[in-house]
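Novice: pasting a predicted model and its sequence here:
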Protein chains: 4
Amino acid sequence: MPKNTAENVTADEVVQADAHQHSYIANNSKADYLKRLRRIEGQARGLQRMVEEEKYCIDILTQVAAMKKALEAVALGLLDEHMAHCVAGAVRAGGEEADLKLKEASDAIARLVRS
Amino acid sequence: MPKNTAENVTADEVVQADAHQHSYIANNSKADYLKRLRRIEGQARGLQRMVEEEKYCIDILTQVAAMKKALEAVALGLLDEHMAHCVAGAVRAGGEEADLKLKEASDAIARLVRS
Amino acid sequence: MPKNTAENVTADEVVQADAHQHSYIANNSKADYLKRLRRIEGQARGLQRMVEEEKYCIDILTQVAAMKKALEAVALGLLDEHMAHCVAGAVRAGGEEADLKLKEASDAIARLVRS
Amino acid sequence: MPKNTAENVTADEVVQADAHQHSYIANNSKADYLKRLRRIEGQARGLQRMVEEEKYCIDILTQVAAMKKALEAVALGLLDEHMAHCVAGAVRAGGEEADLKLKEASDAIARLVRS
């Protein structure tokens, strides 16, 4: 992530300045998300092995439920950071962007609740 | 399922010979499940890349929701086959095993609904 | 519910004989379901009062989540009884009806998981 | 709750005087929420009737899924208004209250996603 060298910019302004990268994820939590997602990837591979070996269906379903929960936890964590940084930043800045960010967050929440 | 007779089998291959295999998955649907799980594994890797590159949070959440749906579809498919084969088989055989299988399926459904 | 007076009919046959009533719910659990559904109805009324009185949104959402869980528990309970009676009965009887009942149960489970 | 001493006030008007009211719900959407919640209450009563009359279990489950979706839609709507008003307001005001409101909203979202 490119460092912003300006001195008196707020974290939010840094975000606004970059259309493709979003510094909403604190560095330590970023490593944590990556770790959790790697574990989820491992669960997906484990499921393939279980299906390949025709393990007992109920055990496979138990793993799927665990993986779904892990994925949900990642989503809720990311959403928290997004609201505390991007959405809150936009709300403080005000204007159309604030409405847009709130609407976008609402839609993302609805997709999560319904998925 | 073909038995593995090779000597230097990997841990995974050993499991192939496992007595706890369950042929509830028709061969053609097995290939289909593996394909879908590989795609889900790919989604998990894609998510890591998105977090790594600090992509926009809402886009990450959209991917998570899609992955959750894909996982759910796999679970529902496996559950169908389980009920049509294992559970129905146990019910036809009758006795305690039938009750056990029904209870087990109910618990798995509850975990899926609640996860 | 009209009692079936024939002596040598199984519970399943009673069900088959009546297109509109389904004796899948044991009498004692029926009273329990009605009690739980009355409580859920009460929760729906409580929510109206909260909205009417403009109670704090988060408290309303907490109530909604509780109500959703209560509803889910009722659904899972009914599904259990349905599988243990109607589906198992149809499976024992065999034929097309068994496949139909299994398919129907699967679809109901999918609706619950996705709703 | 402070009593309203006017004589011909409706129950609703009394409630308006309450110190704990939260005017986050626009008047027109309030009427809409009440209408939807009354419909949900009606669905809860309909379910009791179905259980009472021992209607076909699958039909009952279909109704439960519909009711769950209706409840979810109410929750998502209320959450939207809460974020656009209370949370955004607190964020603009800044300070501890902003963090508290964001945390509270996150927790409510997690309860909805997991319920």
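Specialist: Nice, thanks for sending it over. Residues are numbered from 1 along each chain as shown, chains lettered A, B, ... in the order given.
Novice: in three-state terms, label residue A:50 for me.
Specialist: With DSSP: H, G, I helix; E, B strand; the rest coil as the basis, residue A:50 sits in helix.
Novice: residues contacting the residue nearest the centre of chain A?
Specialist: Centroid check for chain A by C-alpha atoms, centre = their mean gives residue A:78 as the closest residue, at 3.2 Å. Neighbouring residues of residue A:78 by C-beta atoms under 8 Å, 6 or more residues apart in numbering or on different chains: A:25, A:33, B:51, B:57, B:60, B:61, B:64. Just so you know, the C-beta spots here come from the backbone N, C-alpha and C atoms, and that holds for glycine as well.
Novice: one more: residue A:102?
Specialist: A:87, A:90, A:91, D:80, D:83, D:84, D:88.
Novice: most widely separated two among those residues?
Specialist: A:90 and D:80 (15.5 Å; C-beta to C-beta).
Novice: which of these two has more neighbours?
Specialist: A count of neighbours by other C-beta atoms under 10 Å in any protein chain shown puts residue A:90 above the other of residue A:90 and residue D:80, at 24 against 19.
Novice: run the chain-centre distance for stretch A:46-54.
Specialist: 28 Å (C-alpha atoms, centre = their mean, to the nearest Å).
Novice: my error: substitute stretch A:46-64 in the last question.
Specialist: 27 Å.
Novice: got the buried residues for it?
Specialist: A:46-48, A:50-58, A:60-64 (16 or more other C-beta atoms under 10 Å in any protein chain shown).
Novice: where does chain A dip in pLDDT?
Specialist: Along chain A, segments meeting pLDDT under 70 span A:1-24.
Novice: and chain A, which of its residues are near chain D?
Specialist: A:72, A:75-76, A:79-80, A:83-84, A:87-88, A:91-92, A:94, A:98-99, A:102, A:105-106, A:109-110, A:112-114 (C-beta under 8 Å from any C-beta of the partner chain).
Novice: now the buried members of those.
Specialist: Buried, going by 16+ other C-beta under 10 Å: A:72, A:75-76, A:79-80, A:83-84, A:87-88, A:91, A:98, A:102, A:105-106, A:109-110, A:112-114, out of the residues of chain A next to chain D.
Novice: ok so, going back, could you dump the contacts of residue A:102 to TSV with secondary structure?
Specialist: TSV is the format used below for the contacts of residue A:102 (three-state DSSP):
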residue	secondary structure
A:87	helix
A:90	helix
A:91	helix
D:80	helix
D:83	helix
D:84	helix
D:88	helix
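Novice: how about the nearest residue to the residue in chain A that chain C sits nearest to, chain neighbours excluded?
Specialist: Using C-beta to the nearest C-beta, the closest approach of chain A to chain C is made by residue A:114 at 7.8 Å. The spatial neighbour of residue A:114 that comes closest, neighbours along the chain excluded (C-beta to C-beta, 6 or more residues apart in numbering or on different chains), is residue D:72 at 7.0 Å.
Novice: what's the answer for residue A:104, then?
Specialist: residue B:58 (5.3 Å).
Novice: how far off helix A:57-82 does the helix or strand containing the one you found point, in degrees?
Specialist: Taking DSSP states H and E as the definition, one finds residue B:58 inside helix B:57-82. On the basis of axes from the mean of the first three to the mean of the last three C-alpha atoms, to 10 degrees, helix B:57-82 is oriented at 170 degrees to helix A:57-82.
Novice: for the closest residue to residue A:100 other than its chain neighbours, give its distance to residue A:96.
Specialist: Leaving out its chain neighbours, the residue that sits closest to residue A:100 by C-beta to C-beta, 6+ apart is residue A:90, at 7.3 Å. According to C-beta to C-beta, to the nearest Å, residue A:90 and residue A:96 sit 9 Å apart.
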